[in-house]
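Enquirer: fold the following, please.
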Amino acid sequence: MRAEAQNTADQISKSLELLAQRLDVETAPYRLEEFNARVEDPNLWDNPDAAQKLMRERQSLVDAIDTYEGIKQELADNVELIELGEMEEDEEVISDAEAALKALAEKAAQKELEALLNGEADSNDTFLEINSGAGGTESCDWASMLARMYVRWAEKKGYKVDLQAESAGEEAGIKSATYKIEGHNAYGWLKSESGVHRLVRISPFDSAAKRHTSFTSVKVYPVVDDNIEIEVNPSDIRIDTYRSSGAGGQHVNTTDSAVRITHHPTGIVVTSSEKSQHQNRDIAMKALKSRLYQMELDKRSALVNEAHENAGDAGWGNQIRSYVLQPYQMVKDLRTNYETSDTKGVLDGDLDGLMGATLALAVSGKSRAEAQGD
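Expert: As a prediction, this is how the structure comes out:
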């Protein structure tokens, strides 16, 4: 094969090696047989939550096996086509197969990243919390732009997005918003987004058209699985109800149904204002338990969510990523040095490249300083 095609094939083979390692390809068929046997148990659905968890785990294994076998077979088929084309000197066959190899390499690289999402809570649903920081109206508008960006990203992934609470800005945008995002590996992907995000642009709110810098903080924490027990001492929390207000439309709520829970030992505050008071209490308590669980995960592994753990105030010196719209177009992650000039694409939810680079960094075990020194 030509050198370029051979390099692409080698790249795919390396991805397959990692996929095989993460899958434990030799034992996978036996594990699937065990899952199938448990699925046939007539008493399985006596515990619906456990049954659904089992079905998700089984489907995850099936998907992983199918992905590995599919990439492996497609690689072999295209390599064979190239060799056949070279034997028959058929340039069209060779070109088509080489193009297919390039597409397969991108797919394999993506699946390789997904295979790295094997942390304790990576497969869980997630809460995403956005809070405007230094910058006043500008910051509130920036917070709403980030909210739109993450909702778009989640929708492209096929995830379900539910707005849990929202506080509107005084003139524009939002002061804060909390979303629950449901889907396989939602937390695993989004955990790298925790930290302060910095925007530089010509302000649409400044009649002098001056350049402004705004900050907004993002916090991500996993939805706690029912099998994970998190104890909250009732004497450690304060529960308040209040009249909520939203940005308008479907989010308007004019009853005293909103719930705020304050956890005194940690200072964590969670709110919910989209349901009835009873539902809000349940939602807020789940959010609190998720935050406490996230803190425990951070203690076990500082690399899992370094930015979230050290987020600090939303201002200078704490940012993980810069979005520059003026005087040039650039989004740059300060942990990995990954950058792109496609600012419109990023703000429209094209985040996999940025997330993938941070995920690979965390798995490699490098510190932020080491990454920036590369």
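Enquirer: what packs against the helix ranked longest in the chain?
Expert: Across the chain, the longest stretch assigned as helix under DSSP state H is helix 48-88. Applying 3 or more C-beta pairs under 8 Å, 6 or more residues apart in numbering; DSSP states H and E, we find helix 48-88 packed against helix 3-23, helix 28-39, helix 91-115. Using the backbone N, CA and C atoms, a C-beta is placed for each residue, glycine as well.
Enquirer: surely residue 117 touches residue 360?
Expert: No: taking contacts as C-beta atoms under 8 Å, residue 117 lies outside contact range of residue 360: 11.2 Å.
Enquirer: what strand or helix carries residue 294?
Expert: helix 277-300 (DSSP states H and E).
Enquirer: can you give me how far that helix is from the chain middle?
Expert: Centroid displacement of helix 277-300 relative to its chain, using C-alpha atoms, centre = their mean, to the nearest Å, is 18 Å.
Enquirer: looking at the longest helix of the chain now, give me its mean pLDDT.
Expert: Mean pLDDT, computed over helix 48-88, is 92.
Enquirer: quick one, that helix and helix 28-39 angle?
Expert: Going by axes from the mean of the first three to the mean of the last three C-alpha atoms, to 10 degrees, helix 48-88 is angled at 150 degrees with respect to helix 28-39.
Enquirer: same list (the helices and strands packed on helix 48-88) but as a markdown table, adding mean neighbour count.
Expert: What follows is the helices and strands packed on helix 48-88, written out as a markdown table (neighbours: other C-beta atoms under 10 Å):
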| stretch | mean neighbour count |
| --- | --- |
| helix 3-23 | 16 |
| helix 28-39 | 13 |
| helix 91-115 | 17 |
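Enquirer: so can I have CSV of those showing distance to residue 233?
Expert: Shown next, in CSV, are these (distance: least, C-beta to C-beta, whole Å):
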stretch, distance to residue 233
helix 3-23, 39
helix 28-39, 36
helix 91-115, 38
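Enquirer: ok, residue 70 - how many residues close by?
Expert: Residues contacting residue 70 under the criterion other C-beta atoms under 10 Å number 13.
Enquirer: report the separation between it and residue 62.
Expert: When distances are taken as C-beta to C-beta, to the nearest Å, residue 70 and residue 62 turn out to be 12 Å apart.
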